[in-house]
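**Q** how would this look folded up:
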Amino acid sequence: MRRLLRLLLLCLLLYLVLSYGALPAVWRLFEHRHPALSTVASRAVTGDGIPGDPLNIAFVGSGAEMQRRLLAAGWLPADPITMLSSLRIAGDSIVHRPYGTAPVSSLYLWGHKQDLAFEKMIGGDPRRRHHVRLWVSVEHDDLGRELWMGAVTLDVAAGVSHRTGQVTHHIGRDVDHERDQLLIDLQGVPAAPVQWIDGFQSDLRGRNGGGDVYTTDGRLPVVITVSEPAPAG
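**A** Numbers count the residues shown, from 1 in each chain. Here you go, the predicted structure:
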């Protein structure tokens with residue numbers, strides 16, 4: 001009888017620990033949707049207010065951990081736009097010279113341009129490259145974690161905008177392929193949990209700020225990075 005009572009008490013204790021401690025913590029960590037996701041737009045915009053690239057990836061966690069993962073996956077931070085970097089990307093494109101940290105044009109979300117941009121070269125010049133722009137929300141979740149929204153696209157050629165005539169890069173049509181390729185790159189650093197939000201994009205076909213056509217399945221992956229909660233304030 002004593003053994004039975006001890007077993008029952010142990011089962012009760014285990015139940016209380018799992019149901020009221022561990023499992024809710026796991027749910028909050030891996031399943032709870034970041035509150036900023038409920039109001040975020042589905043596309044970035046250009047400086048002229050034209051709808052730009054679709055947002056097709058998100059990170060929940062610290063910016064430092066996200067950058068560490070991107071660097072470990074072989075993605076490099078883009079240089080800021082300056083007169084020198086602008087002249088260099090133009091010259092390197094003409095003479096087919098590598099520029100693995102070439103600047104990217106500015107797109108806007110939450111009223112400001114991208115906070116970070118990373119890229120991965122294809123071939124020998126900056127006309128073709130994988131790149132992702134990233135914006136951080138000012139809103140944190142109940143664990144103090146940040147939300148970073150990203151737009152992953154493939155630059156396929158340099159040219160002029162079909163909408164404004166400004167010098168720009170043209171992107172590839174299949175933005176889902178770029179999204180999925182970045183997720184594959186991140187799997188080895190090591191892999192992080194990924195939540196999928198269906199129907200994030202309501203329009204499955206559109207044009208970005210340069211007038212380039214893109215298609216998508218409308219799904220948004222949310223990469224949960226292991227990180228410390230952001231400091232208060």
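**Q** need phi/psi at residue 68.
**A** According to degrees, to the nearest 10, the main-chain angles of residue 68 amount to phi -60, psi -40.
**Q** quick one: it from residue 150, how far?
**A** For residue 68, the distance to residue 150 equals 16 Å [CB to CB, to the nearest Å]. (Glycine included, C-beta is placed from N, CA and C.)
**Q** so between those two, which is more surrounded?
**A** Shown here are residue 68 and residue 150; by other CB atoms under 10 Å, residue 150 has more neighbours (27 against 14).
**Q** now the nearest residue to that one once chain neighbours are set aside: how far from residue 210?
**A** Leaving aside its sequence neighbours, residue 150 sits nearest to residue 57 (CB to CB, 6 or more residues apart in numbering; 4.3 Å). Distance of residue 57 to residue 210, given as CB to CB: 20 Å.
**Q** quick one, what contacts the residue nearest to residue 150?
**A** Residue 57 makes contacts with 132, 149-152, 179, 182-183, 220-221, 223, as judged by CB atoms under 8 Å, 6 or more residues apart in numbering.
**Q** what is the most widely separated pair among those?
**A** Across the contacts of residue 57, no pair lies farther apart than 149 and 183, at 15.2 Å, counting by CB to CB.
**Q** what ranges does this structure have for its strands?
**A** Using DSSP state E, the strands of the chain run over 43-45, 51-54, 57-60, 76-77, 108-109, 112-113, 116-121, 129-136, 147-160, 167-171, 194-197, 205-207, 213-215, 220-224.
**Q** from what I can see residue 160 touches residue 168, true?
**A** Yes. Using CB atoms under 8 Å, residue 160 is in contact with residue 168, at 6.6 Å.
**Q** looking at the two, which one has more neighbours?
**A** Neighbour count, other CB under 10 Å: between residue 160 and residue 168, residue 168 has more, with 22 against 13.
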